[in-house]
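*Asks:* Provided below are the primary sequence and the corresponding predicted coordinates.
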Amino acid sequence: VALALLRGGMVRPREDKRRVTRPARFQIAMRHVQSFAQVCLAMHCEAKVRLGDMYAGYLVWAADSQLEPLLRSDFEFAMSDYIDIHGGGRLLSAYVGCRFRPEFILRMEEVRGVEVKKRLGMSLEQLLTGGDYGQRS
């Protein structure tokens, strides 16, 4: 299985004898999404989460899990597939059929508060460049 992943996908036989592969990137993205969803999401038919909020939540989870985050496009492709499998769907602006768990919402607010405090302490030059480049000794 590991060699198949490195070569570009897992071979999945179908009834009509054609071979279909799922690229290794998708397999990795799907593992991330499944773990993220188990910890952070609750499936609920009436709920929805905006696309940007879902990716922001994923970035918080990836940092907490000490994992290298996926590219947004890979994440969105895998998340759309995951939500679809579990009875939800993806609109242009939101994922329908899921919501963040309350304890994860608190974690996201905590991270957001730290980021706001950090940015309030930065100079205008640092904010425009996106880093701590202005501090030289």
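*Replies:* That came through, no problem.
*Asks:* for this structure, which segments count as helices?
*Replies:* In the chain, helices defined by DSSP state H lie at 2-6, 24-40, 51-64, 72-85, 102-120, 124-129, listed in chain order.
*Asks:* figure out which of those is closest to S93.
*Replies:* Nearest to S93, of all the helices of the chain, is helix 51-64, at 6.2 Å by CB to CB. All C-beta atoms are positioned from the backbone trio N, CA, C, and that covers glycine.
*Asks:* what residues does the closest one touch?
*Replies:* If you take CB atoms under 8 Å, 6 or more residues apart in numbering as the criterion, helix 51-64 is touched by 32-33, 36, 39-40, 49, 68-70, 72, 75-76, 79, 90, 93-95, 100, 104, 107-108, 111.
*Asks:* want to throw the helices of the chain into JSON lines with mean pLDDT and mean neighbour count?
*Replies:* As requested, the helices of the chain are exported to JSON lines (pLDDT from 0 to 100; neighbours: other CB atoms under 10 Å):
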{"stretch": "helix 2-6", "mean pLDDT": "49", "mean neighbour count": "10"}
{"stretch": "helix 24-40", "mean pLDDT": "91", "mean neighbour count": "17"}
{"stretch": "helix 51-64", "mean pLDDT": "94", "mean neighbour count": "17"}
{"stretch": "helix 72-85", "mean pLDDT": "92", "mean neighbour count": "17"}
{"stretch": "helix 102-120", "mean pLDDT": "85", "mean neighbour count": "12"}
{"stretch": "helix 124-129", "mean pLDDT": "64", "mean neighbour count": "12"}
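*Asks:* ok, the most centrally placed residue in the chain to H44 distance?
*Replies:* In the chain, the centroid-proximal residue (CA atoms, centre = their mean) is Y58; its distance is 3.7 Å. Remark: distance between Y58 and H44 (CB to CB, to the nearest Å) = 18 Å.
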